[in-house]
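1. below: sequence and its predicted model.
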There are 2 protein chains.
Amino acid sequence: MSDTKSYSPINPPQRYLFGPGPTQVDSRVYQAMTKPIVGHLDPYFFQVLGDVRQTLRTVFGTKNEFTLAISGTGSAGMETAVGNFVEPGAKIGIFANGFFCDRITEMCKRHEAEVVRLEKPWGEVFSDAEASEFIRREKPGVVIYVQAETSTGAFQDGTAICAAAHDAGAIVIADCVTSLGAMPVKIDATGIDVAYSCSQKGLSCPPGLSPFTVSPRAMDRLKSRKAPIREWYLDLRLLQDYYDGAHKYHHTAPISMFYALHQALANIMEEGVEQRWERHYAAHKEFVRRIEALGLPMHVAEEHRIWNLNTPRIPQGVNDTAVRKTLLEQDGIEILGGFGQLAGKVFRIGVMGPLATTDNLDFFFDRFSRALAIAGYKVPAGVAH
Amino acid sequence: MSDTKSYSPINPPQRYLFGPGPTQVDSRVYQAMTKPIVGHLDPYFFQVLGDVRQTLRTVFGTKNEFTLAISGTGSAGMETAVGNFVEPGAKIGIFANGFFCDRITEMCKRHEAEVVRLEKPWGEVFSDAEASEFIRREKPGVVIYVQAETSTGAFQDGTAICAAAHDAGAIVIADCVTSLGAMPVKIDATGIDVAYSCSQKGLSCPPGLSPFTVSPRAMDRLKSRKAPIREWYLDLRLLQDYYDGAHKYHHTAPISMFYALHQALANIMEEGVEQRWERHYAAHKEFVRRIEALGLPMHVAEEHRIWNLNTPRIPQGVNDTAVRKTLLEQDGIEILGGFGQLAGKVFRIGVMGPLATTDNLDFFFDRFSRALAIAGYKVPAGVAH
């Protein structure tokens, strides 16, 4: 930090966050972070936390008592799930159809688990028959799937996975990072035992917290765990001692982030959870209609799409990096491209939170079609840019 | 969250944070968090990050290239140090004279290290001779000490520890959670290889980030590490790929917290680092003068005290919980008590950041002496309350 610039206040460029996250944040959420912090053992903090936990249950669709937020980003939530529920030597069954499936596989291997995977091309999902056949054959102690795969745009219904897993005596971990707050995640109805998410996508809050929920069945598993949990920072038993009951000091919770999450959840309750889901669904349908009119087919089959994260295919001959650069530099619009199996094949375009409205889609498609044209794409006649 | 209260905005009670942390935050830092977030791969984020990293080097007193902030609280920093530098089966030498020494011992054990400890009563420190004798005798591969023990108020000079450790081919991890930003931590001059801190004490920023620095010697150790790092989320090699060079996606950094830290560090640079240290030292001397005038002796010997966290002994017959309750409920003042070996024996009173001024000490001692009197303590004649 040079002397001349060190004192310049934060002054970010105008951005419209149409990527997979982080996403646009309501000004009331930012304002909540200006409220003075209290101590991490202050009664007021536990009051805020109590509200947050209760409202998280509503958006998760669960009655799980053990519902809270981990003091880290969504990836810390994934780490928490693995660190607490994946023991060394345990057999873990993973449904692998995207980048975050690979990431959690990597985490399980670091924890010396025996990983078995059922694989599918990125963007496809697993049928009920495939799911139950895999679990019956492999008999894993923990089953993992990604509900909303941020790298592909595919939504995996987990009902058959959870039923088969429970029949086999397994518990189920589901990655709900992208779905929470924007579409129903239905923890209890689906039968998910452990789920983690993030603050910065469907909840429209800045990144920094990872909503987390654990079923009574998984809590029992945790209590009977024999191997020590390596990650002291993410040890759910210690977090339970801090957040519940005697409030035994564990770490200094990020107070301002909890203020922000409190307001973000209050905004959702104000709109109505179901109304919010419907708004995202409507914006998704509208997005699909417009992107197909532009001549870009969706990568994921209609019935398996995430509502708030769209993955249209990049037209032949169009350089996606050039399109993204035009959008960012000329219009302040952030979208992301695909990676891994989908590198150069799809755009990843988030339409969520405050941006999930017709006005914002008008704005987006105006700029997006222009950027495509600049990149040499022949925009169909009759589609404005 | 009931319907009636769910939409009420965050409205914390007025608090004066005279505890060990979190501490009072300047309004400009809160305002920085109202600035709209950008994406975690946005060029502007890396510009903010670059400023933060450069200024952290100044407050740490280091030229270490690998200086950054971990996306978690101070305890995540401790976990990062252990997770990356403590391999299973490795011999770890710990100087143990407080709660956080015990915490890091616990973390090392969870990572299956062979821990050897040199112990002292809480509040004492290790002499140069004790330090080097222990290291020469035990020959650990990693040496750990706590520079500023938040549980005791003692500051451990590490010069002899680091010299002996390096002679023995070991690297040194130092906990600088409480010292950073309020007093010189002198990473390079002391010879510390790995240090972690937090945003919410001497830096006067909300909790949520853990400043972290690694010497070239420790980076070499990391590169040659054989066992996998269990914590994917805290894996420094992955963080280096994200924060340096190609900016390869790892996790979604907590953007708003980085904005806050940027402003908190800018405030420090504006005041001048050395001027800030001097201000804390002056406030500390003034605190000691006044607390001794009240008849409360300091627990730690004069030459080994942390400047920004004071541990006066609780007078005979005074119930510290009652005093703290009076202060919190009547005056909004938070202080904490001792725990572990010092439970019921000391108060832990932080005087740091915006509170480290004579005016704030006037206010504090007026209320503190009154709370002592309410608890039955006979305040010496001539000492106002």
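-> Nice, I can see it. Residues are numbered from 1 along each chain as shown, chains lettered A, B, ... in the order given.
2. for the longest helix seen in chain A, list every residue counted as buried.
-> Counting by DSSP state H, the longest helix found in chain A is helix A:273-293. By neighbour count on 16 or more other C-beta atoms under 10 Å in any protein chain shown, the buried set for helix A:273-293 is A:273, A:276-277, A:279-281, A:283-284, A:286-288, A:290-291. All C-beta atoms are positioned from the backbone trio N, CA, C, and that covers glycine.
3. tell me the contacts of A:Glu231?
-> Going by C-beta atoms under 8 Å, 6 or more residues apart in numbering or on different chains, A:Glu231 touches A:Glu79, A:Thr80, A:Gly83, B:Glu79, B:Gly83, B:Arg110, B:Arg230, B:Glu231.
4. reformat those as JSON lines; add distance to B:Ile104, pLDDT and secondary structure.
-> JSON lines is the format used below for the contacts of A:Glu231 (distance: C-beta to C-beta, whole Å; pLDDT from 0 to 100; DSSP: H, G, I helix; E, B strand; the rest coil):
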{"residue": "A:Glu79", "distance to B:Ile104": "19", "pLDDT": "98", "secondary structure": "helix"}
{"residue": "A:Thr80", "distance to B:Ile104": "20", "pLDDT": "98", "secondary structure": "helix"}
{"residue": "A:Gly83", "distance to B:Ile104": "18", "pLDDT": "98", "secondary structure": "helix"}
{"residue": "B:Glu79", "distance to B:Ile104": "9", "pLDDT": "98", "secondary structure": "helix"}
{"residue": "B:Gly83", "distance to B:Ile104": "12", "pLDDT": "98", "secondary structure": "helix"}
{"residue": "B:Arg110", "distance to B:Ile104": "11", "pLDDT": "96", "secondary structure": "helix"}
{"residue": "B:Arg230", "distance to B:Ile104": "16", "pLDDT": "94", "secondary structure": "coil"}
{"residue": "B:Glu231", "distance to B:Ile104": "15", "pLDDT": "96", "secondary structure": "coil"}
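5. sorry, back to before: which helices and strands does the next helix or strand after the longest helix of chain A pack with?
-> Once the chain leaves helix A:273-293, the next helix or strand it forms, by DSSP states H and E, is strand A:309-310. The elements that strand A:309-310 packs onto, with contact taken as 3 or more C-beta pairs under 8 Å, 6 or more residues apart in numbering or on different chains; DSSP states H and E, are helix A:273-293, strand A:347-350.
6. what does the last one contact?
-> Spelled out, that is strand A:347-350. The contact list for strand A:347-350, computed with C-beta under 8 Å, 6+ apart, reads A:17-21, A:23, A:150-151, A:153, A:201, A:287, A:296, A:308-312, A:314, A:320, A:323-324, A:335-338, A:364.
7. A:Gly340: neighbour count?
-> 12 (other C-beta atoms under 10 Å in any protein chain shown).
8. A:Ile73 contacts A:Lys201, correct?
-> To be clear, residue A:73 is Thr; Ile isn't right here. No. Between A:Thr73 and A:Lys201 there is no contact under C-beta atoms under 8 Å: 10.8 Å.
9. neighbour-wise, which of those two wins?
-> Using other C-beta under 10 Å, the more surrounded residue of A:Thr73 and A:Lys201 is A:Lys201, with 30 against 27.
10. residues in contact with that one?
-> By C-beta under 8 Å, 6+ apart, A:Lys201 lies in contact with A:20-23, A:74, A:150, A:177-178, A:180-182, A:308, A:350, A:352.
11. quick one, phi psi at it?
-> phi -120, psi -100 (degrees, to the nearest 10).
12. for A:Val194, same thing?
-> phi -130, psi 130.
13. ok, the nearest residue to it once chain neighbours are set aside - contacts?
-> Using C-beta to C-beta, 6 or more residues apart in numbering or on different chains and skipping the chain neighbours, the partner closest in space to A:Val194 is A:Ile173 (4.4 Å). A:Ile173 makes contact with A:Ala81, A:Val82, A:Phe85, A:Ile104, A:Val142, A:Val143, A:Ile144, A:Tyr145, A:Ile192, A:Asp193, A:Val194, A:Ala195, according to C-beta under 8 Å, 6+ apart.
14. quick one: low-confidence ranges for chain A?
-> Counting by pLDDT under 70, the ranges of chain A that qualify are A:1-7, A:384-385.
15. domain boundaries for it, per the record?
-> A:27-268, A:272-374 (automatic domain parsing).
16. just the ones you listed: most buried one?
-> domain A:27-268 (a mean of 22; mean count of other C-beta atoms under 10 Å in any protein chain shown).
17. for that domain, how far is the first residue from the last?
-> By C-alpha to C-alpha, to the nearest Å, the extent of domain A:27-268 from end to end equals 14 Å.
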